[in-house]
Structures are given as structure tokens and as C-alpha cells.
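Undergrad: What follows is a predicted structure for the sequence shown.
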Amino acid sequence: MVSLRPGGVYTKAQLQKELESLATCGMFEKVDMEGKTNPDGTIGITISFTESTWQSADKFRCINVGLMQQSKPIEMDPDMTDKEKLEYYRSQEKDYRRRIEKARPCLLPTQVHREILQMLREQGKVSARLLQKIRDRVQKWYHDEGYACAQVVNFGNLNTKEVVCEVVEGDITQLVIQYQDKLGNVVEGNTQLPVVKRELPKQ
């Protein structure tokens, strides 16, 4: 997550960008950067942060959001009244619930699902570190099963008793059939396309 390395040379803009990316990633409640000039003229940078935590969860759901349109959050007007803010948050929650209902379930097997539930029970509160462990476990299963493009893109419902893991599984949306000779050159094939398509898996 952090691209800064000990002994590296960075501009003020690069340091500011790093600080902003850490502050806006959602994993930290507070991020501070402090610089101190060393006797040799270099500057020592200390980055301190407070990890985000949410209430404990006892349910886990994995959904496939691959072919779904990505929701664009509506900007919240800073001049909103408390009532308008409440309506805004309720609307956001309602939209997210609808999104979850429309999503397809992911392919994650029951065994991995149980492992993640065990992680949630052992940890207590949901933390950014726990979400990273869950992400790594889910992605490892997909990659081990040959889904090289599968990726965890988001976690939702973090302030409820259910953690929702949003996965893009890598759906095939287009198929192009080519015939190649032994050297890999594209050639005109002898097998008719309906015969080739018949042999493809249906799903």
C-alpha cells in the first residue's frame, strides 16, 4: 500500500500524494506524516496511523459483481441539514441492499466460507487488517482454482453484523475462434464453427 521506501528520494508532491492515498483508502481513521531534519541534511519521515475498525460481524456473504454496473456515489452537499444527511444515508443503504440482492452469488465453496466465519468470530471487531486477510484468502482460492482474473474489489455492510465481500470473477463476455498452424500462424481451419462451439462448456 505504501510506495515510500527507506533511503528513497521524494518530492513534497509525492509525499503529499502518498499521504492522501493512505487517508482516502478507507483502511485508516487517521493518518499523519511528520518530518524531522537529521544532522546530515536528510529528512526523516514518520507516518503514523490509526487503523479503521467496525463492529463485530457474525455473517459473511460473497457476491459476484463482475457484470454489474459500478455504482457511483453521489456527492454529499456540505450544506445539508441533519435531516437531509439522514435521508442521504438511508438512500445509500437502500441502494446498496438492492445491489446485494441483484448480485449473483460467488463460487466460493462452503469450506472457505466457514474459514472466514471463523476468522470473524476469533477477531471480534472487524478491522482493516482482518479485511486484508479475508481478501487474501478469497483471492488465493480463486487463483488456486484457475480464476486468474478474479479479484476482491470491495467490502460492504461494514457497520452491520454481515460483511459483504464483492468479487469480480472474470466473466467471459466475448469469444473469438482462430485456427493456428504448428508455428502459431493464423490459418483457415477445416473444422466447422458449430462443431467447435458444441465442444465449449455451457457456463
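TA: Nice, thanks for sending it over.

Undergrad: hey, where'd the strands end up in the chain?
TA: 28-37, 43-51, 53-56, 59-64, 104-105, 125-127, 151-156, 162-168, 179-180, 186-187 (DSSP state E).

Undergrad: Buried residues, the longest helix along the chain. List them.
TA: Criterion DSSP state H: the longest helix present in the chain is helix 82-102. Neighbour-count burial for helix 82-102, counted by 16 or more other Cβ atoms under 10 Å, picks out 99-100. (C-beta placed from N, C-alpha, C; glycine too.)

Undergrad: what mean pLDDT does that helix have?
TA: The pLDDT scores in helix 82-102 average 80.

Undergrad: care to break this protein down by domain?
TA: 12-51, 54-168 (automatic domain parsing).

Undergrad: Between those, which has the poorest mean confidence score?
TA: Minimum mean pLDDT among those: domain 12-51, a mean of 81.

Undergrad: got the buried residues for that one?
TA: Under 16+ other Cβ under 10 Å, the buried positions of domain 12-51 are 15, 18-19, 22-23, 27-28, 31, 33, 45, 49.

Undergrad: what about the spatially most central residue of the chain, distance to residue 66?
TA: Central residue of the chain (Cα atoms, centre = their mean): residue 153, 2.3 Å from the mean position. Going from residue 153 to residue 66 by Cβ to Cβ, to the nearest Å gives 9 Å.

Undergrad: Now the common contact residues for these two.
TA: 167-168 (Cβ atoms under 8 Å, 6 or more residues apart in numbering).

Undergrad: one step back: tell me the angle of the longest helix of the chain relative to strand 162-168?
TA: On the basis of axes from the mean of the first three to the mean of the last three Cα atoms, to 10 degrees, helix 82-102 is oriented at 60 degrees to strand 162-168.
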